[in-house]
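>>> Build the 3D model from these lines:
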Amino acid sequence: MKGSYPRNISIIAVVFIFLILFLAVVNLYISLQFRNEFVIYDQNKIISIATLCSDYLNKYSDRSELYYLFKRLGSAFDLDRIIITDTLGNRIFDSGMLPLELSLSENKIDFTDDFKRLPEPGEVIQNNDRFIYLNPEPHFYFYTSLIYSYSIMFDKIFRWHIFYITISLLFIGFLGIFLIRNLFLPMRYVTNLAKDMGIQMKKEDFVSETFNEIFKKMKLKEETLVEFSSYIAHEFRNSIGAISGLARLVEKGKKPASDIVNECRAMEDLITRLLEYSRPLTVISASVDVKQLIDDAVGRAAIPKRIEVRKKIKTDIPQFIGDYELLLVAITNLLKNSIDSLRKKGFIEVAVSGDNDFIFISVTDNGSGIDESDIDKVFNPFYSKKEQGMGLGLAYVKKIMEIHNGRVELESKKGGGAKFILKFPVEK
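Residues are numbered from 1 along each chain as shown. From the prediction side, this is the model:
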């Protein structure tokens with residue numbers, strides 16, 4: 001139902017879920033950016049150290065002096081080990097070996113055990129805390145392992161961070177589903193109950209306003225049931241009293257027996273009309289030709305020639321779905337009500353219009369009108385100011401509208417005519 005509280009709360013719930021997911025994605029993106037910064041920091045650190053090594057190699061040729069400088073370099077930058085080789089893999093320096101050991105031992109080293117491939121010139125390749133870099137000029141491989149690698153430390157934190165985000169999202173998801181489900185169960189019940197009772201849902205104060213409307217409806221139904229029982233008891237008492245009186249007069253020969261039969265027929269007619277009103281209605285929904293519906297209702301109402309009939313039917317209304325026969329009865333009852341209110345000449349206007357949410361069928365007359373104090377009562381069963389009326393016509397109209405998930409409204413004042421408006425929700 002457009003604009004209703006359940007629809008709005010659904011939108012809010014979906015927006016909230018997407019907001020949580022958006023924040024999680026943003027958090028993950030920021031974490032990845034931080035990791036990239038730390039990786040870049042470590043790589044730049046390796047490149048800077050390799051540049052210093054290149055300067056040392058260009059300035060110093062003494063192996064002992066180079067060994068001393070590289071050792072100091074390793075201590076200054078927290079390097080666990082430094083290995084420098086030429087492009088063929090021949091060791092130039094290895095901090096794990098003394099200069100004499102380096103010159104006496106096998107001079108080649110293979111890095112493929114630690115790295116799947118060797119870097120291109122100016123490229124740094126990382127495997128955990130081990131790094132290898134190919135210096136562009138002069139060409140040499142610079143291999144080292146950092147004692148404190150920021151990228152490795154951040155990777156450990158990042159893994160826990162991802163685990164935390166995943167667990168948090170799962171928890172929030174399950175909690176959200178649980179809360180929304182438990183929140184919507186009563187709302188769905190109230191919504192369906194209000195829909196069945198023909199109550200219009202409101203955005204503001206959904207719970208209090210809707211419950212108040214439901215309470216009023218239930219109280220009205222209880223009052224109607226009491227009134228219904230009182231009406232039946234009254235009518236039956238009158239009929240039984242009349243039949244008893246007629247029986248005595250017939251027995252004395254003062255009245256014909258046909259009077260008893262007529263009274264019984266009147267009583268039978270009353271029971272038939274009550275049963276017709278009280279029986280459940282079954283809606284056979286189909287697309288309705290509104291113009292044909294109005295024409296048939298005007299024809300069935302048998303409007304006298306003294307009354308002018310005006311029709312205003314828009315052609316661009318949305319598709320209309322409903323039970324043709326029941327709607328025909330409803331509009332015919334409204335037309336008959338207007339005829340009864342017009343003692344002399346007058347007019348009845350039937351208009352059809354619509355928007356994106358509702359289709360409106362209105363029946364307007366310039367008859368005697370209805371007191372404002374009686375407007376809330378006219379749709380109650382057995383409320384009638386006609387001498388021979390039972391007060392079921394407008395009540396039946398209301399019943400038909402409720403079963404179509406619509407409602408009937410009345411605008412009137414004493415001596416100013418009346419306007420009945422049937423409002424049908426547009427089928428989505």
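
>>> shaky segments in the stretch 301-428 of the chain?
Across the stretch 301-428 of the chain, the ranges flagged by pLDDT under 70 are 382-391, 427-428.

>>> all helices for it, in order.
Remark: helices assigned in the stretch 301-428 of the chain by DSSP state H, counting those that start in this stretch are 324-341, 393-403.

>>> Can you classify Ile240 as helix, strand or coil?
helix (DSSP: H, G, I helix; E, B strand; the rest coil).

>>> And the one 5 residues further on, by the same measure?
Under three-state DSSP, Gly245 falls in the helix class.

>>> Quick check: pLDDT value at it.
Per-residue confidence (pLDDT) for Gly245: 77.

>>> Reformat the helices of the stretch 301-428 of the chain as TSV; add distance to Leu422 and mean neighbour count.
For the C-beta atoms, the positions are set from N, CA and C on the backbone; glycine is no exception. Formatted as TSV, these follow (distance: least, CB to CB, whole Å; neighbours: other CB atoms under 10 Å):
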stretch	distance to Leu422	mean neighbour count
helix 324-341	7	21
helix 393-403	6	21
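
>>> Figure out which of the ones you listed is closest to Asp78.
For the helices of the stretch 301-428 of the chain, the distance to Asp78 is smallest for helix 393-403, at 81.0 Å, taking CB to CB.

>>> For that closest one, name the packing helices and strands.
helix 258-278, helix 324-341, strand 407-412, strand 418-425 (3 or more CB pairs under 8 Å, 6 or more residues apart in numbering; DSSP states H and E).

>>> how close does the spatially closest residue to Asn366 that is not a sequence neighbour sit to Leu334?
Here the nearest residue to Asn366 in space, its sequence neighbours aside, is Gly417; by CB to CB, 6 or more residues apart in numbering that works out to 4.2 Å. From Gly417 across to Leu334, the span is 13 Å (CB to CB, to the nearest Å).

>>> Tell me the helices and strands packed up against the one helix or strand Val25 maps to.
Using DSSP states H and E, Val25 sits in helix 5-59. The elements that helix 5-59 packs onto, with contact taken as 3+ CB pairs under 8 Å, 6+ apart, are helix 63-76, strand 79-85, strand 124-127, strand 130-135, strand 140-146, helix 150-196, helix 206-252.

>>> sorry, back to before: using CSV, lay out the helices and strands packed on helix 393-403 together with distance to Ile303.
Listed next are the helices and strands packed on helix 393-403 as CSV, based on distance: least, CB to CB, whole Å:
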stretch, distance to Ile303
helix 258-278, 23
helix 324-341, 6
strand 407-412, 19
strand 418-425, 15
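
>>> nearest to Phe93, of the ones you listed?
Closest among the helices and strands packed on helix 393-403, using CB to CB: strand 418-425, at 85.0 Å.

>>> distance between that closest one and the chain's centre?
28 Å (CA atoms, centre = their mean, to the nearest Å).

>>> Take the helices of the stretch 301-428 of the chain and lay them out in JSON lines including distance to Asp80.
As requested, those are exported to JSON lines (distance: least, CB to CB, whole Å):
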{"stretch": "helix 324-341", "distance to Asp80": "88"}
{"stretch": "helix 393-403", "distance to Asp80": "83"}
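
>>> What is the burial count for the closest residue to Ile83 other than its chain neighbours?
Among residues not flanking Ile83 along the chain, Tyr143 sits closest, at 4.1 Å (CB to CB, 6+ apart). When neighbours are counted by other CB atoms under 10 Å, Tyr143 registers 20.

>>> doesn't Leu134 make contact with Tyr143?
No: using CB atoms under 8 Å, Tyr143 is not in contact with Leu134, being 10.3 Å away.

>>> Now do the domain split for the chain, please.
5-152, 207-278, 286-425 (automatic domain parsing).

>>> Highest mean neighbour count out of these?
Ranked by mean neighbour count, the domains of the chain are led by domain 286-425 with a mean of 17 (mean count of other CB atoms under 10 Å).

>>> end to end, how far does it reach?
By CA to CA, to the nearest Å, the extent of domain 286-425 from end to end equals 14 Å.

>>> quick check, distance from the helix holding Val25 to the centre of its chain.
34 Å.

>>> do the same with stretch 326-343
39 Å.

>>> Now do the contacts for the closest residue to His161 other than its chain neighbours.
Spatially, and ignoring its direct neighbours in sequence, His161 is nearest to Ser31 (5.7 Å; CB to CB, 6+ apart). Contact analysis of Ser31 by CB atoms under 8 Å, 6 or more residues apart in numbering lists 158, 161-162.

>>> Need phi/psi at the residue nearest to Val288 when sequence neighbours are not counted.
Nearest non-adjacent residue to Val288, counting by CB to CB, 6+ apart: Phe320, 4.5 Å away. Phi and psi for Phe320, reported as degrees, to the nearest 10, are phi -110, psi 120.

>>> how close does Phe320 sit to Leu293?
Phe320 is 8 Å from Leu293, by CB to CB.

>>> now swap in Cys264 and tell me
Remark: distance between Cys264 and Leu293 (CB to CB) = 38 Å.

>>> just Lys413 next, same as before
Taking CB to CB, one finds Lys413 at 29 Å from Leu293.

>>> same question, His161
From His161 to Leu293 the distance is 66 Å (CB to CB).

>>> swap in Val14?
39 Å.

>>> And Leu73, by the same measure?
Leu73 sits 96 Å away from Leu293, going by CB to CB.

>>> Then Ser31?
Counting by CB to CB, the gap from Ser31 to Leu293 is 64 Å.

>>> so what's the closest residue to Phe131 other than its chain neighbours scoring on pLDDT?
Distance criterion CB to CB, 6+ apart; nearest residue to Phe131, sequence neighbours excluded, is Ile46 at 4.8 Å. Listed pLDDT for Ile46 reads 86.

>>> Just the pLDDT for Ser151.
62.

>>> can you check Tyr133 too?
Reported pLDDT for Tyr133: 91.

>>> That one: what's it in contact with?
Contacts of Tyr133 by CB under 8 Å, 6+ apart are 46-47, 50, 119, 123-125, 141-143.

>>> If it is in a bridge, with which residues?
Val124, Phe142 (DSSP bridges).

>>> That one and Gly369, how far apart?
97 Å.

>>> Low-confidence ranges, the stretch 51-200 of the chain, go.
Using pLDDT under 70, the stretch 51-200 of the chain drops low at 99-107, 147-155, 179-200.
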